[in-house]
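# Could you look at this predicted model? Sequence included:
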Amino acid sequence: LLSCSKASSVKRVVFTSSMSTVLPSQETITSDVVVHETWFADPASCEKSKHWYKLSKILAEEAAWKFAKVNGIDMVTVNPGWVIGPLQPTFNATVEPILKYVNRDERALDAVVPVWVDVRDTANAHVLAFEIHQLMEDIA
C-alpha cells in the first residue's frame, strides 16, 4: 500500500480479504438478515474464541482501510469465501471439507457448510472491481 500511495499511476487498489471479516462472531445469520458493507466481525470475540485466522484477516483489513484513508488511496475489498479451483495443486484445509462431504464423513455432514468460491470467479471479481471504477471515471 505504501508503494501504491507513492505511484501516481495507481488509480485503485483492490484488496483481497475474506468473508470472515464481514461475518459477525456471535450472531446467527438467518434468511431475513441483510449483510452489508458496514458489517465487521468483532476482534474481541475472535480473540476470546481463539479464531486466530479470522482475527488476522479482520486486523489486516482494518489496517489497510486506515492506511488507504490517511494516504488518499481509493481502495475496495473483495471478500470471498473459501477459494478453490484448478490452480490448487494439493488438498489443503480449504479443500479437505469437500472430500469429507464426498466421503460422507459424519462430522462433516453435521458441520456448517462454508461458501466455496472458484478461484477464477474470485479473480474476475478483482478485475470487475477495478474496471467499474475505470468505467465511472470515463463517464465522469
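Received the coordinates, thanks. Numbering: from 1, shown residues only.
# Just the buried positions in the longest helix along the chain, please.
Ranked by number of residues, the top helix in the chain under DSSP state H is helix 119-139. Judged by neighbour count (16 or more other CB atoms under 10 Å), helix 119-139 contains these buried residues: 122, 125, 129. Yep, even glycine has a C-beta here, placed from its N, CA and C like the rest.
# Give me the nearest residue to the second one, chain neighbours excluded.
Sequence neighbours aside, Val78 is the residue nearest to Ala125 in space, at 4.9 Å (criterion: CB to CB, 6 or more residues apart in numbering).
# what's the answer for the first one, then?
Nearest in space to Thr122, with sequence neighbours left out and distances taken as CB to CB, 6+ apart, is Pro80 at 4.7 Å.
# That neighbour is in contact with Ala123, isn't it?
No. No contact is recorded between Pro80 and Ala123 when judged using CB atoms under 8 Å, the distance being 10.0 Å.
# picking up where we left off before, got a markdown table for the buried residues of helix 119-139, with pLDDT too?
Written out in a markdown table, the entries for these read as follows (pLDDT from 0 to 100):
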| residue | pLDDT |
| --- | --- |
| Thr122 | 93 |
| Ala125 | 93 |
| Ala129 | 90 |
